[in-house]
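Enquirer: the following comprises the amino acid sequence and a computationally predicted model.
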Amino acid sequence: MPVDIVILAAGQGTRMKSELPKVLQPLAGRPMLEHVLERSADLGAEAVHVVYGYGGHQVPKALADWPVEWILQEEQLGTGHAVIQAMPGIADDSLVLVLYGDVPLIREATLTELLEKAGSGSLALLSVTLSDPTGYGRIIRDDRGQPQKIVEQQEANETELTVCEVNTGILACPAAQLRNWLTKLGHDNSQGEFYLTDVIAMAVADQYPVDVLIASGEIEVMGVNDKRQLAELESANRAEKTAGLMRDGVTLLDPARVDVRGKLSCGRDVVIDINAVFEGDVELGDGVNIGPNVIVRNSKLAAGCTVHANTVIEDAEIGESCELGPFARVRPGTVLGASAKLGNFVEVKKSYIGKGSKVNHLSYIGDTEIGERVNVGAGTITCNYDGANKFKTTIEDDVFIGSGVELIAPVTVEKGATIGAGSTISKNAPANELTVARSEQTIVKGWERPRKKAKE
């Protein structure tokens, strides 16, 4: 049976005290809603319908790359009203799964089980048991333990308020049945809203099976209403990711101080020091050692690499046994061959650095191709930009470049050439020769350094 997922994402989230809509608040470096969209993709849904409201088009604009149907709920009249907005685009022979844009850590396995229950011909509801259920709708069961209705906190009597099993809001149901109940929703309640939860009592009245799945824990169904709860989920997400890494054999010197904001895959004997951040898709080969305060984004590091403290690597491919940092910056489009080295305060952008080559200190390499066994001296700059256009520098195998050199692109330093320290090179340097380009040193006799006037 095809599955249509409806994600409710229209709330303002006033307790966030932010101009950013609640579902766009970041969790692990991405909007909360994106986590829910990712989970929906994992389930292989026929279609995903996102009902948005507060913040206007900020929400669909921020997540425009996702293949979803965006539905504007101009008036926020409750959860039932929000689902009604999505139903015209859903066929009667589908299963409808209702999720929430501010419940980002819901597990795929939980939703799969919920859909299986609904697929057998029932209204499947996800609940959770809380030690303090204050503020949540209570699941009211009969003497046989069968669910009868959901009562919201503000509508509950004293007996109902003692119930600790609460509604998460997540449910799955055949579309035809859900559509029928939604048309009968009223708003005669203290909030004047159309409650989606009222369909439970309608199903019971129609003698339609209601099946409740109790979630394994609070965190996966926890909604976010303020920055404190957001931080709590951030911590829980971090703990889950790092626990998985350690189960796979990764050594984390302090799991509480490693952030995985995407997908991190690691080989054997990987060691990660404190305050490391991994964003997007990152792959670390066997024996990679990541130092403290390192950021790696959408990059692949082959076996045996060492990354020293405070290095940033973005959209790059690093070959085997490379050494980077400390304080290196590897920008997008960079590829390093095996055993290459980038040292202190070196920045590389959109360049290839060949096997065994070294850029050790205080240098900038941009739009450059460097061959094998090249030594680039301290303070070297490839001058690749004239203010309007970018140009390429080519440095062939076995070149030695002295300190303080400027290479003005486009230029080629041929195989085996040596460039003298302090040179500004604007023409090709021939193979196996020493090229020096320095202005003549001048001494001005009798020159006096300017002095400050004495204060009166």
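Expert: Done, it's in. This one's a predicted model, so the numbers in the text were calculated from it and none came from an experiment.
Enquirer: helices or strands up against the lengthiest helix in the chain?
Expert: The longest helix of the chain (DSSP state H) is helix 227-247. Other elements packing on helix 227-247 under the criterion 3 or more Cβ pairs under 8 Å, 6 or more residues apart in numbering; DSSP states H and E are strand 26-27, strand 251-252, strand 258-266. C-beta here means a position set from N, CA and C on the backbone, and glycine is covered the same way.
Enquirer: what about the helices in this structure?
Expert: Secondary structure of the chain, counting by DSSP H: helices at 32-42, 58-62, 79-86, 108-119, 158-161, 175-182, 198-205, 227-247.
Enquirer: do you know which of those helices lies nearest N275?
Expert: helix 227-247 (12.1 Å; Cβ to Cβ).
Enquirer: which parts of the closest one are buried?
Expert: Counting neighbours by 16 or more other Cβ atoms under 10 Å, one finds that the buried residues in helix 227-247 are L230, L233, E234, A236, N237, R238, K241, T242, L245.
Enquirer: for the fourth one, which non-adjacent residue is spatially closest?
Expert: Read it as A236. Of all residues not flanking A236 in the chain, I219 sits nearest, at 4.7 Å (Cβ to Cβ, 6 or more residues apart in numbering).
Enquirer: list the contacts of that neighbour.
Expert: For I219, the contacting residues are L105, L233, A236, by Cβ atoms under 8 Å, 6 or more residues apart in numbering.
Enquirer: got CSV for the residues you listed, with pLDDT and distance to G366 too?
Expert: What follows is the contacts of I219, written out as CSV (pLDDT from 0 to 100; distance: Cβ to Cβ, whole Å):
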residue, pLDDT, distance to G366
L105, 96, 41
L233, 96, 40
A236, 95, 41
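Enquirer: now stretch 153-164, how far from the centre of its chain.
Expert: With Cα atoms, centre = their mean, to the nearest Å as the basis, stretch 153-164 stands 39 Å off its chain's centre.
Enquirer: next: stretch 446-456.
Expert: 58 Å.
Enquirer: kindly export that stretch (C-alpha atoms) in PDB.
Expert: Taking C-alpha atoms only, stretch 446-456 is exported to PDB below (Å, rounded to 0.1, in the frame of the first residue of the first chain):
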ATOM      1  CA  GLY A 446      72.300  59.700   5.600                       C
ATOM      2  CA  TRP A 447      68.600  58.800   5.800                       C
ATOM      3  CA  GLU A 448      67.000  59.400   9.100                       C
ATOM      4  CA  ARG A 449      64.000  57.700  10.500                       C
ATOM      5  CA  PRO A 450      61.000  60.000  11.200                       C
ATOM      6  CA  ARG A 451      60.600  60.900  14.800                       C
ATOM      7  CA  LYS A 452      57.600  61.800  16.800                       C
ATOM      8  CA  LYS A 453      57.400  65.400  18.000                       C
ATOM      9  CA  ALA A 454      57.900  65.800  21.700                       C
ATOM     10  CA  LYS A 455      54.700  66.600  23.600                       C
ATOM     11  CA  GLU A 456      54.600  70.200  24.800                       C
END
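Enquirer: ok, back up a step: L115: which of the contacts of I219 is nearest?
Expert: For those, the minimum distance to L115 (Cβ to Cβ) is 18.1 Å, reached by L105.
Enquirer: roughly how far does the closest one sit from E116?
Expert: 21 Å (Cβ to Cβ, to the nearest Å).
Enquirer: possible to save the helices and strands packed on helix 227-247 as a markdown table with mean neighbour count, distance to A302 and mean pLDDT?
Expert: Listed next are those as a markdown table, based on neighbours: other Cβ atoms under 10 Å; distance: least, Cβ to Cβ, whole Å; pLDDT from 0 to 100:
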| stretch | mean neighbour count | distance to A302 | mean pLDDT |
| --- | --- | --- | --- |
| strand 26-27 | 17 | 31 | 96 |
| strand 251-252 | 16 | 18 | 98 |
| strand 258-266 | 20 | 12 | 96 |
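Enquirer: A176: which of those strands is closest?
Expert: Nearest of the helices and strands packed on helix 227-247 to A176, taken as Cβ to Cβ: strand 26-27 at 35.0 Å.
Enquirer: tell me which of the helices of the chain sits nearest to K390.
Expert: helix 58-62 (30.2 Å).
Enquirer: how far does that closest one sit from the chain's center?
Expert: 16 Å.
Enquirer: please report how far the closest residue to E240 other than its chain neighbours lies from A236.
Expert: Counting by Cβ to Cβ, 6+ apart, L105 is the residue found nearest to E240 once chain neighbours are left out, at 8.0 Å. Going from L105 to A236 by Cβ to Cβ gives 7 Å.
Enquirer: more neighbours: which of L105 and E116?
Expert: Neighbour count, other Cβ atoms under 10 Å: between L105 and E116, L105 has more, with 20 against 14.
Enquirer: tell me the contacts of that one?
Expert: Taking Cβ under 8 Å, 6+ apart, one finds H35, I219, E220, M222, L233, A236, N237, E240 in contact with L105.
Enquirer: check what pLDDT the second one gets.
Expert: Spelled out, it's I219. On pLDDT, I219 comes in at 93.
Enquirer: and G145, how many neighbours?
Expert: Neighbours of G145 (other Cβ under 10 Å): 7.
Enquirer: any idea which of the helices and strands packed on helix 227-247 gets closest to M202?
Expert: Short answer: strand 26-27, nearest of the helices and strands packed on helix 227-247 by Cβ to Cβ, at 34.3 Å.
Enquirer: what helices and strands are in contact with the closest one?
Expert: helix 227-247.
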